[in-house]
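# Compute the structure for the input listed below.
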Amino acid sequence: MRSKKPETEKMRVSFDLDEVLFVSPMTHKTEPELRFPLNRIYKERLRLGTPDLIRELQRLGYEVWVYTSSFRSEGYIRHLFRCYGVQFDGIVNGTRHMKEVQGNNKTTLPQKLPNRYRISLHIDDEEVICSAASQYGFRAFQLNAQDDDWKEKIIQRAEQIKKVERIQRVHDIR
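Below is the predicted model of the structure:
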């Protein structure tokens, strides 16, 4: 009788919101504004290609999360992205981070610790978050300026990390 192989966990990729997925149309190419009345409720503008990238990552087998230090509610974030046909696999906002990560810890932790949620790659605009990645044991990709190739770069980075993690799992089994 063959032993059953353990199910492989999907790799998780997370995105910050402000200046990563939510950008200004003055500095970045954006998705079309939502129609009235939704554009009065959800004033944020999405970086051009955001819905396509999230769906493509999910099609490739990744879980896609939001990890933001903003205190927007999980419901607000879910509903806004649902207007663009996108569903996230998980959301960590400032409230959840403070409760589950910082908690009663007397040492002030970074405002994001993606590895606490088994997130393999976090995309952020803040240099302080990205530079803290190696110190705190997570991987980050810095994205802030307008970049027409941003989707391809993120998919390429995610695929590189997936290969590294697959090799690590093989070595851990041995």
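# Low-confidence regions, the chain specifically.
Residue ranges of the chain with pLDDT under 70: 1-8, 171-174.
# Strands of this structure, start to end?
12-15, 63-67, 90-92, 121-124, 140-142 (DSSP state E).
# The fourth one pairs with which strands, parallel or anti?
Within its sheet, and counting by DSSP bridges, strand 121-124 is paired with strand 12-15 (parallel), strand 140-142 (parallel).
# As JSON lines, those with mean neighbour count would be great.
Quick note: C-beta positions are derived from backbone N, CA and C, even for glycine. Formatted as JSON lines, these follow (neighbours: other CB atoms under 10 Å):
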{"stretch": "strand 12-15", "mean neighbour count": "26"}
{"stretch": "strand 140-142", "mean neighbour count": "20"}
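# tally of neighbours for residue 40?
Residue 40 has 8 neighbours, counted by other CB atoms under 10 Å.
# what residues are up against it?
Applying CB atoms under 8 Å, 6 or more residues apart in numbering to residue 40 gives no contacts.
# so how far is residue 81 from it?
17 Å (CB to CB, to the nearest Å).
# Compute the inter-axis angle for the longest helix seen in the chain and strand 63-67.
If each helix of the chain is counted by residues according to DSSP state H, the longest one is helix 150-173. Helix 150-173 and strand 63-67 are oriented at 110 degrees to each other (axes from the mean of the first three to the mean of the last three CA atoms, to 10 degrees).
# Sort out which residues of helix 150-173 are buried, please.
Counting neighbours by 16 or more other CB atoms under 10 Å, one finds that the buried residues in helix 150-173 are 150-151, 154-155, 157-158, 161-162, 165.
# Return the closest of those residues with respect to residue 143.
Using CB to CB, residue 150 comes nearest to residue 143 of those, at 5.9 Å.
# how much space is there between the nearest residue to that closest one once chain neighbours are set aside and residue 161?
In this structure, residue 150 finds its nearest non-sequential neighbour in residue 143, 5.9 Å apart by CB to CB, 6 or more residues apart in numbering. Using CB to CB, residue 143 is found at 15 Å from residue 161.
# neighbours around residue 54, how many?
Quick note: residue 54 (other CB under 10 Å) scores 25 neighbours.
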